[in-house]
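> Sequence first, then the predicted structure, then my questions.
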Number of protein chains: 4
Amino acid sequence: MAQRLIDRDTSGVYIISATPFTENGAVDEASTDRLVDFYLDSGVNGMTILGIMGEANKLTAEESRGFASRVLKRIDGRIPVIVGASAAGIDNLKSFSRFAMDEGAAGIMVAPTPGPAVEDRIIGYFRQVCEALGPDVPICFQDFPLTTGVPVSVATILTLTREMPQIVMLKHEDWPGLSKISAVRAGSGTAETPRISILCGNGGLFLPQELSRGADGAMTGFAYPEMLVQVVEAHRAGDPDRAEDIYDAYLPILRYEQQPGFGLAVRKEILRRRGAIACARTRAPGPRLNDTDQAELTRLMERTDRKVKGL
Amino acid sequence: MAQRLIDRDTSGVYIISATPFTENGAVDEASTDRLVDFYLDSGVNGMTILGIMGEANKLTAEESRGFASRVLKRIDGRIPVIVGASAAGIDNLKSFSRFAMDEGAAGIMVAPTPGPAVEDRIIGYFRQVCEALGPDVPICFQDFPLTTGVPVSVATILTLTREMPQIVMLKHEDWPGLSKISAVRAGSGTAETPRISILCGNGGLFLPQELSRGADGAMTGFAYPEMLVQVVEAHRAGDPDRAEDIYDAYLPILRYEQQPGFGLAVRKEILRRRGAIACARTRAPGPRLNDTDQAELTRLMERTDRKVKGL
Amino acid sequence: MAQRLIDRDTSGVYIISATPFTENGAVDEASTDRLVDFYLDSGVNGMTILGIMGEANKLTAEESRGFASRVLKRIDGRIPVIVGASAAGIDNLKSFSRFAMDEGAAGIMVAPTPGPAVEDRIIGYFRQVCEALGPDVPICFQDFPLTTGVPVSVATILTLTREMPQIVMLKHEDWPGLSKISAVRAGSGTAETPRISILCGNGGLFLPQELSRGADGAMTGFAYPEMLVQVVEAHRAGDPDRAEDIYDAYLPILRYEQQPGFGLAVRKEILRRRGAIACARTRAPGPRLNDTDQAELTRLMERTDRKVKGL
Amino acid sequence: MAQRLIDRDTSGVYIISATPFTENGAVDEASTDRLVDFYLDSGVNGMTILGIMGEANKLTAEESRGFASRVLKRIDGRIPVIVGASAAGIDNLKSFSRFAMDEGAAGIMVAPTPGPAVEDRIIGYFRQVCEALGPDVPICFQDFPLTTGVPVSVATILTLTREMPQIVMLKHEDWPGLSKISAVRAGSGTAETPRISILCGNGGLFLPQELSRGADGAMTGFAYPEMLVQVVEAHRAGDPDRAEDIYDAYLPILRYEQQPGFGLAVRKEILRRRGAIACARTRAPGPRLNDTDQAELTRLMERTDRKVKGL
């Protein structure tokens, strides 16, 4: 079977996968399989692994390869998998990307390297990345200034789209960023600039609005992926009110999970409670929930359950 | 009548006031009065003017004084008014604060000046501020790292509370910041450190959780101040579920209004539509809503109205 | 006499003026006159007042106007004076700029406002500025990312130069920034893009290299302005070795004065010791020299004097 | 022979080693040996490898281990070697540090992880680091806010010194930072707080002043290490004027090499021209010198040679 690759029309929900660890801090292989099954059961259209929320920067190179291999093997081609490969050096980025593509990845996600947010630097960097990966590897451009410290203009995104055919997808998580989605959508798919797929991150905090503005779906790691799927499907089915009703039922816990840094501990704990992983541990130095946090979360999960039942 | 001052037990909703402008950019005096009435009608317990959301840094010194005077005169002692006085230089801060206190303000809000986030610099700065203002002027410490670029530890807040008797209130808007509220609440009101009043900002994004963790109320500018009042009251009345039900009905539009920078344009447009001000203009360079934004907002306001009716 | 304005060919040394205060913190008018005379005696070609090093943000609007008037009156047209007018709001920027131009300023210096470093925001802002000032007011674009937090690409600078005829000068103080000077010099003065005058800041830390790369001079506040004048003149006279010999004699103290923030206290103390101002005070919160710093400075000044005598 | 470890009295010049690459980007083993010999010949007292200037973040884990082993074997105990081990995760930091210590390192250099600059976070992190490394591994605390984005107060440094016996050295490169050296020197070696060794970085830009304020030496990578050695020795010999005369002769090229980011390309090119490495390449994305830069450097090196001969 030909390897499925992401392209300019890719749409739906690409769930950002957590990386599960055991209590003693090793990558938890059994939970990896279980988490993949959990995501597949929720109906997501694709998966993204080893992003920021996957604690990629705390894994060794061997662990990253092992995790990518295991996930790709478990999925076995059922849905496409994008692999995060941001690295300080192009050489590391290249060798890991090649490995991931050989194992069956559908594309590579890359963010700008830290440094001055000037267009020629960003574009020059992506030229180097494209050349290193070779033209056959599709790239998802990750636009996440709150974390990278590198704001990127709509004009730069359109230039990347136009000049580098393999940059086929934007992971949008600028904030505030709704007008950016409208502008990228309007400026791509024109005579001059090819279409670019737009999947939105930011924990899903504006998903209904993003879909209405032309986003193709979500790429985030919300621990209730079935909501993301239902919202995107309802929206596609032409029922934005239904989409937003579903969404609103989950919004209190979604906004709780979307706290920078700390939210990862919340997300993993919800996944644990839902049976998707065995242990909620993040790698040190990483956030942990204390008793107050746990009780607060319990309350929010219970309220969410009640609301979802009432839908 | 003695001037009412904020103190270590101040609680409730202190609404952050917008500053209304006319279409040609002047401070709109008629709308100022109308807006004050709107806030008073909503039942808020206090008001804060000339903060970041009040575009204080775009007013001339004369405009700031004129606005403060007009608001204080209109309120006429019915509720306490905190006046934002953050300025690059202590001399400007001092002269404006004196003016505001003479006009009847209940306290002064000050944020750390930009610079390295080291404790001795922050504490040294507040020593200078306290000395400049004199011991009779109560201070609200504004902790808003996303905007100031100066993160402040719990230990520093407690040191300020302990060593400077006139620092009586914390405007909390660190993010994520829930555990900080718990820690400040636990660490103040002890044998060593006096109590400090904690009012929470951040657009109200975590208000129910903040109240449960011991915050004394809200200090934010959400354009539906009646919700803030109802939530705080329900919480005080021992009905956190009711508080959270009310809160959740507004959350979709609250999170829409809480977009950094852009959210101010949303807030002013809601205030305009609700009849509180005549014109939603922000001073240049400032955000504006385009047609797509307006339609998105209309939709969110209508959905909010329906949900609130269903409460 | 017609008012002298800066233009695309302006060159030489534009000294950044300090703002002298008395011991009790008031603007020191007598020292203002003395300082102007000191700068004129040193042979500078122009002056820039109310920049960052002029503590402009710690003055009231009245003080800024008073200082600008006094300086312009004292200079009485002998050299052109650029006035810094960066402000959070366009309205304040506009009214102060008009005042300064009416008093005889040669141009206005403006830096990008804080915010995401994306080209469309920066260019949009300068369009607003140009419109507010009107086409007759020449603008010096201040490129100082270390302080503004807004890096600006060469392409953006050239776009500003091309599209806004009144932006005639670049105050260059990006760091590292030598290649930027080469690129702006090569990209302006072409068929497409008019020439732009480039004066370099950064305390003069790379002045010889900057001149060799095509800069038109210096715009900085080094407390030995005669060195800047001699270096620029020797360079113009075709003797870069002589220029660099002079420069190197002052480099140890120049690099000492170029410490961000703290350097202003050093600069004012040198100016005081040289008789240019009566008091080295900076406005609070501002840096001060302690005894160790004073002794260190004494040593560096003495070493500088010996080296300069040996030239 | 017992392994030599850094301690609270360590002093002298610890040269920060570059990591040499071949034209095709591999670690250059022959140049590694040659560079070690070059440093040893210059008379340095110790070496620091795999710091920021060693492009550590662009090496794979295997390359880092290989480079550390090779350097340590070549040095063979003649001078102590500190190994940089900053990593996003504690687990990676721990395993690499253990490897380095087993190979004969004299200590480990660790910088705070990115995040809010609050004392409890920084101290908490170093507690985790100390526990992970075990009490027998001496730590050099790297204080480099310009790169890490984490300013650290004197009080925090003294707390680390007091509470964690294995933190024995401060690599000082705050900027401006002279008063910090005085304060750390005064606050350590007291009844309460043990002494801490202070070696200064920042390219050596203030070395004479730093030594006068009580620093124990330099830890930087200036491509003329013999200067650092001579300056420290002259200073120790009680001849600060001689120290500063030597220093000043190199200052023009030192300040040229000290450009953030770009300076690494300058440094490697000087090392190449001086015969210490075969190729000046930095790993992508990294800085490169163009023809103008090369000519500028040639001129500065020639001027330096002439001055040094004249000493």
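Right, received. Where do you want to start?

> Check the secondary structure at residue A:170 for me.
What DSSP: H, G, I helix; E, B strand; the rest coil gives for residue A:170 is strand.

> Name the nearest residue to it, sequence neighbours excluded.
In this structure, residue A:170 finds its nearest non-sequential neighbour in residue A:198, 4.9 Å apart by CB to CB, 6 or more residues apart in numbering or on different chains. All C-beta atoms are positioned from the backbone trio N, CA, C, and that covers glycine.

> Am I right that the one you found is in contact with residue A:182?
No. At 10.3 Å, residue A:198 does not count as touching residue A:182 under the criterion of CB atoms under 8 Å.

> So the two - more neighbours on which side?
Set residue A:198 next to residue A:182 and count neighbours by other CB atoms under 10 Å in any protein chain shown: residue A:198 wins out with 25 against 21.

> so who does the more buried one touch?
Residue A:198 is in contact with A:169, A:170, A:172, A:181, A:184, A:185, A:214, A:215, A:216, counting by CB atoms under 8 Å, 6 or more residues apart in numbering or on different chains.

> Using the three-state scheme, assign it.
strand.

> Tell me how far residue A:243 lies from chain B.
Going from residue A:243 to chain B by CB to the nearest CB, to the nearest Å gives 12 Å.

> Shouldn't that residue be within a helix?
Yes. According to three-state DSSP, residue A:243 belongs to a helix.

> Give me the neighbour count for it.
Residue A:243, neighbours per other CB under 10 Å, totals 22.

> tally of neighbours for the residue lying closest to it once chain neighbours are set aside?
Once flanking residues are discounted, residue A:243 sits nearest to residue A:234: 3.8 Å by CB to CB, 6+ apart. Using other CB under 10 Å, residue A:234 is surrounded by 20 other residues.

> same deal with the one 5 residues further on?
Other residues within reach of residue A:239 by the criterion other CB under 10 Å amount to 13.

> any common contacting residues for residue A:198 and residue A:182?
Common neighbours of residue A:198 and residue A:182 (CB under 8 Å, 6+ apart) are residue A:214.

> follow-up on the earlier one: just the buried ones among the contacts of residue A:198, please.
Buried by 16 or more other CB atoms under 10 Å in any protein chain shown: A:169, A:170, A:172, A:181, A:184, A:185, A:215, A:216, out of these.

> ok, these vs residue C:194, which is closest?
For those, the minimum distance to residue C:194 (CB to CB) is 32.4 Å, reached by residue A:184.

> Spit out the contact partners of the closest one.
Per CB under 8 Å, 6+ apart, neighbours of residue A:184: A:154, A:157, A:158, A:170, A:172, A:196, A:198.

> helices and strands of chain A: which one bottoms out on pLDDT?
When each helix and strand of chain A is scored by mean pLDDT, DSSP states H and E, helix A:145-148 comes last, with a mean of 92.

> Give the buried residues for whichever helix or strand comes after it.
Using DSSP states H and E, the helix or strand that follows helix A:145-148 towards the C-terminus is helix A:154-163. Neighbour-count burial for helix A:154-163, counted by 16+ other CB under 10 Å, picks out A:154, A:156, A:157, A:158, A:159, A:160, A:161, A:162.

> now swap in stretch A:255-269 and tell me
For stretch A:255-269, using 16+ other CB under 10 Å, the buried residues are A:255-259, A:262-269.

> Quickly check those residues for the two that are furthest apart.
A:255 and A:268 (17.3 Å).

> so what's residue A:115 closest to, chain neighbours aside?
The spatially closest residue to residue A:115, leaving aside those adjacent along the chain, is residue A:121, at 6.0 Å (CB to CB, 6+ apart).

> what's the pLDDT at the one you found?
Predicted confidence (pLDDT) for residue A:121: 94.

> Could you do residue A:2 as well?
68.

> Quick check on the nearest residue to residue A:284 once chain neighbours are set aside: phi, psi?
Nearest non-adjacent residue to residue A:284, counting by CB to CB, 6+ apart: residue D:90, 4.1 Å away. Reported as degrees, to the nearest 10, the phi and psi values for residue D:90 are phi -60, psi -40.

> same deal with residue A:41?
According to degrees, to the nearest 10, residue A:41 has phi -60, psi -30.

> count of residues packed around it?
With other CB under 10 Å as criterion, residue A:41 counts 11.

> residue ranges with poor pLDDT in chain A?
A:1-2 (pLDDT under 70).

> what does it have sitting close to chain C?
A:116-121, A:145, A:151-156 (CB under 8 Å from any CB of the partner chain).

> farthest pair in these?
A:116 and A:154 (18.6 Å).

> Which residue comes closest to residue A:229 once chain neighbours are left out?
residue A:43 is the one closest to residue A:229 (CB to CB, 6+ apart), at 4.3 Å.

> Hmm, I typed the wrong one, I wanted residue A:67.
Nearest to residue A:67 is residue A:27, by CB to CB, 6+ apart, at 5.7 Å.

> Now for that neighbour: which residues touch it?
A:19, A:20, A:21, A:59, A:63, A:66, A:67.

> What is the nearest of those to chain D?
Comparing the contacts of residue A:27 against chain D with CB to the nearest CB places residue A:59 closest, at 7.6 Å.

> do you know how far the closest one is from residue A:51?
As judged by CB to CB, to the nearest Å, residue A:59 and residue A:51 stand 12 Å apart.

> So which of the two has more stuff around it?
residue A:51 (27 against 23).

> Would you mind measuring from the more buried one to chain C?
Residue A:51 is 22 Å from chain C, by CB to the nearest CB.

> Does that residue touch residue A:84 like I think?
Yes. Contact criterion CB under 8 Å: residue A:51 and residue A:84 qualify, at 4.2 Å.

> what is in contact with the two at once?
Joint contacts of residue A:51 and residue A:84 (CB under 8 Å, 6+ apart) are A:109, A:142.

> Output the residues of chain A next to chain C as TSV; include the columns distance to residue D:290.
Below are the residues of chain A next to chain C laid out as TSV (distance: CB to CB, whole Å):
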residue	distance to residue D:290
A:116	18
A:117	23
A:118	17
A:119	20
A:120	14
A:121	15
A:145	30
A:151	27
A:152	26
A:153	26
A:154	31
A:155	26
A:156	24
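
> Drop anything exposed from these.
For the residues of chain A next to chain C, a burial check counting by 16+ other CB under 10 Å picks out A:116, A:117, A:118, A:119, A:121, A:145, A:151, A:152, A:153, A:154, A:156.

> Need the three-state assignment for the second one.
Local secondary structure at residue A:117 is given as coil here, using three-state DSSP.

> Who are the contact partners of the residue of the stretch 101-250 of chain A found nearest chain B?
Per CB to the nearest CB, residue A:176 is where the stretch 101-250 of chain A lies closest to chain B, at 3.6 Å. Going by CB under 8 Å, 6+ apart, residue A:176 touches B:259, B:260, B:261, B:262, B:263.

> Looking at those residues, which is nearest chain D?
Using CB to the nearest CB, residue B:260 is the member of these that sits closest to chain D, with 17.1 Å.

> Having no further points to raise, I will conclude here.
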